[in-house]
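Chemist: Predicted model, plus sequence, below.
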2 protein chains.
Amino acid sequence: MKPKKPNILVVNDDGITAPGIKALMHAMKDIGRVVVVAPDSPQSGMGHAITIGKPLRLDKIELYEDIETYRCSGTPVDCVKLAVNSVFKGNKPDLCVSGINHGLNNSINVLYSGTMSAAVEGAIESIPSIGFSLDDYTMQANFYPCIKFVKEIALQVLTHSLPVGTVLNVNFPAGDKIKGIKICRQANAKWAEEFDERVDPHERPYYWLTGVFQNNDNGEDTDVWALEHGYASVVPTQFDMTAHHAIPVLNSWNFNV
Amino acid sequence: MKPKKPNILVVNDDGITAPGIKALMHAMKDIGRVVVVAPDSPQSGMGHAITIGKPLRLDKIELYEDIETYRCSGTPVDCVKLAVNSVFKGNKPDLCVSGINHGLNNSINVLYSGTMSAAVEGAIESIPSIGFSLDDYTMQANFYPCIKFVKEIALQVLTHSLPVGTVLNVNFPAGDKIKGIKICRQANAKWAEEFDERVDPHERPYYWLTGVFQNNDNGEDTDVWALEHGYASVVPTQFDMTAHHAIPVLNSWNFNV
C-alpha cells in the first residue's frame, strides 16, 4: 500500500503573490498535498499579532495551478488559525511551513517576524512547523539554491517530528553556494534604531523606522555565525518564554506586601 | 544628597486613554519621573508587531496633569522604540512599565500581548521592564487592589534590577483580595479557536476570531495556578527563544544535503 501523502499547510508574511511562497509551495508539492493560506498583502514585521477588533475574510481563489489556495485579510498568525479551523476543520495538517521569507529572520528577528510567528502558531497547534527565510529581501531573490535544503529539512521533520513545544527557524545565506546545515542557538543581537524624522507638507513631523542590526555575540554556535560563514542556520525555537534560571533569583527577593 | 528620581517610561496596548494606564502612571508618580508614550488607539493582540510600511506619528499632548505624555500612531513596540530614541534620546529610562492591561496576559498570551511585547522591547533595550495585567477586560475594571503590588514590584526591580535578558510578566486576579505574590513559570496552555462565521449583506462570509482558553498544565508552579488561587503571578520571561534542549536532538539527525 502506498503511504498517504502528507497534508502540508503553506503560509507566509510577504503575501500570497510573493516569489518566496511560490518557491516554497512548489518545493512542497514534491512531498505532499499542499494547501496555501496566505495574507492578501505584505505583513512583514507583524510578529505574533492577531486580529481582534475587526472580522476576517478568507477567500478560496484560483491562483496557482493544482494548488488549493486561500487569501486571508489577516495577519500570518490569523492565517494559521483560520487554516486549522476553517480550511482543515480540525483535521490538522501533517506539516506547517512558512516563507520562504524575503529577508533574514535570524536572532532577535524571530520576535518581529510574521513568518516565524506563523510557524510558532503552527507549533502551538501541535503541528510540526518550520519557518524558512533567505538573506535577500528583494522581489528578485533567487530561492533556487535553498530548495534542496528546504525539502530535506521538511522531510526530516516529517520523519522525526519535532520535540514537543518546538518549531524550527531556518535561515539561508544568499548566493549559489550553501555549505551545509548548522544547528544553532539564537544569537544575542538587536536592532539599533535610528528613526528618520521628516516633516510633512503641513509642517507636522513624522518618523520612519530604520535601524542597524547589531550582533553582540561572539559565539560560533549562533545563527549569525553560521550565516556569515555560508551555512544554513537551523534554530530550534520554543514558545515557553519562561526564564527558568531567573525563578530562584526572584524567589530570593523580599516583597513587602 | 537626595537620590535622583528614577525616570520611568509608561506604555500600554489598550491606548492612551485607558483606565489601566492612568492607574499605572499615577502609581509610578509616587516612585519617579513619569513619561507616558502610548498608542492613540487600542492595540490588543498586536504582539511584537512593528510598523515598517508606513511612517509613524508621535505627538506631545496635554492630557494628564504634570505628566509628560506622547500619543503614538504605532504599535506598543513602536511606542517603546520611539520613546527610547526620540523622547529619551538615548538617555535610557531606569524602568519601563507596561499596562495595566485590561485582561490577563498569563501563559501563552505572552506571545499575543501588546502589553508584554512592549515590556519585552524595553528589555531588549536593556531597560528593566515589567508588564502588568489584570483579570478584568472591562473599562470599569478596579485597579485599586493591585496598586500596592505594582509599586512594590517596581521598587524591587529598581533596587535589584533583573537578570540579563529577562523581563517580568505580572498578572493580577480580579477582586479585592490578592493573597500575595507567586514567582511562576508560564503554564502550558493555548486557545482553542472557534471562528464565528457570518455572512455579510452582500452574501460574502466573514469570520470573527473567538476562542476558549485551555489549560493543559496541572503544575502548581504556573501562572494559571497562582491566579486561580488568588495570587499575583510573576513570570520571569526571556526573549532568547532557543529551545536549547532540542539542539542535541537535531544534531542527531542525518541531513542528506
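Modeler: Cool, got the structure. Numbering: from 1, shown residues only, chains lettered A, B, ... in the order given.

Chemist: List the buried residues for stretch A:86-98?
Modeler: Neighbour-count burial for stretch A:86-98 flags A:86-88, A:92-98 (criterion: 16 or more other Cβ atoms under 10 Å in any protein chain shown). (C-beta placed from N, C-alpha, C; glycine too.)

Chemist: Return the member of these nearest to chain B.
Modeler: Each of these was checked against chain B using Cβ to the nearest Cβ; the closest is residue A:86, at 5.6 Å.

Chemist: residues contacting the closest one?
Modeler: With contacts defined as Cβ atoms under 8 Å, 6 or more residues apart in numbering or on different chains, residue A:86 is in contact with A:58, B:195, B:197, B:207.

Chemist: buried set for the longest helix that chain A contains?
Modeler: For chain A, the helix with the greatest residue count under DSSP state H is helix A:144-160. Buried residues in helix A:144-160, defined by neighbour count with 16+ other Cβ under 10 Å: A:145-147, A:149-150, A:152-157.

Chemist: Give me the mean pLDDT for that helix.
Modeler: Helix A:144-160 shows a mean pLDDT of 98 in the predicted model.

Chemist: quick one: the helix or strand following that helix to chain centroid distance?
Modeler: Next helix or strand after helix A:144-160 toward the C-terminus (DSSP states H and E): strand A:166-172. For strand A:166-172, the distance from its own C-alpha centre to the chain's C-alpha centre is 8 Å (Cα atoms, centre = their mean, to the nearest Å).

Chemist: Please apply the same query to stretch A:23-38.
Modeler: Relative to the centre of its chain, stretch A:23-38 is centred 15 Å away, using Cα atoms, centre = their mean.

Chemist: Go ahead and produce PDB holding the CA coordinates of it.
Modeler: This file holds the C-alpha atoms of stretch A:23-38, laid out as PDB (Å, rounded to 0.1, in the frame of the first residue of the first chain):
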ATOM      1  CA  ALA A  23       9.100  28.700  -4.400                       C
ATOM      2  CA  LEU A  24       8.000  27.000  -1.100                       C
ATOM      3  CA  MET A  25       4.700  25.700  -2.400                       C
ATOM      4  CA  HIS A  26       6.400  24.200  -5.400                       C
ATOM      5  CA  ALA A  27       9.000  22.500  -3.300                       C
ATOM      6  CA  MET A  28       6.300  21.100  -1.000                       C
ATOM      7  CA  LYS A  29       4.300  19.700  -4.000                       C
ATOM      8  CA  ASP A  30       7.000  17.100  -4.400                       C
ATOM      9  CA  ILE A  31       6.400  16.000  -0.900                       C
ATOM     10  CA  GLY A  32       2.700  16.100  -0.200                       C
ATOM     11  CA  ARG A  33      -0.700  17.700  -0.800                       C
ATOM     12  CA  VAL A  34      -0.300  21.400  -0.500                       C
ATOM     13  CA  VAL A  35      -2.800  23.900   0.800                       C
ATOM     14  CA  VAL A  36      -1.800  27.600   0.800                       C
ATOM     15  CA  VAL A  37      -3.400  30.100   3.200                       C
ATOM     16  CA  ALA A  38      -1.600  33.400   3.000                       C
END
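
Chemist: So is it next to chain B?
Modeler: No. Shown here: stretch A:23-38 not in contact with chain B (Cβ under 8 Å from any Cβ of the partner chain), separated by at least 12.2 Å.

Chemist: Check which residues of that stretch are buried.
Modeler: Residues of stretch A:23-38 classed as buried under the neighbour-count rule (16+ other Cβ under 10 Å) are A:23-25, A:27-28, A:31-32, A:34-38.

Chemist: Surely residue A:167 is in contact with residue A:119?
Modeler: Yes. Counting by Cβ atoms under 8 Å, residue A:167 touches residue A:119, with 5.0 Å between them.

Chemist: Give me the common contacts of these two.
Modeler: Common neighbours of residue A:167 and residue A:119 (criterion: Cβ under 8 Å, 6+ apart): A:129-131.

Chemist: Which of the residues you listed fall in strands?
Modeler: Within the shared contacts of residue A:167 and residue A:119, membership in strands is found for A:129-131, as judged by DSSP state E.

Chemist: buried subset of these?
Modeler: Neighbour-count burial (16+ other Cβ under 10 Å) applied to these gives A:129-131.

Chemist: May I see those organised as a markdown table, with distance to chain B and pLDDT added?
Modeler: Shown next, in a markdown table, are these (distance: Cβ to the nearest Cβ, whole Å; pLDDT from 0 to 100):
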| residue | distance to chain B | pLDDT |
| --- | --- | --- |
| A:129 | 13 | 98 |
| A:130 | 12 | 98 |
| A:131 | 12 | 98 |
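
Chemist: Just the closest of these to residue B:108, please.
Modeler: Nearest to residue B:108 among these: residue A:129, at 15.1 Å, using Cβ to Cβ.

Chemist: per-residue confidence at the closest residue to the closest one other than its chain neighbours?
Modeler: Closest residue in space to residue A:129, ignoring its immediate chain neighbours: residue A:122 at 3.3 Å, by Cβ to Cβ, 6 or more residues apart in numbering or on different chains. pLDDT, the model's per-residue confidence, is 98 for residue A:122.
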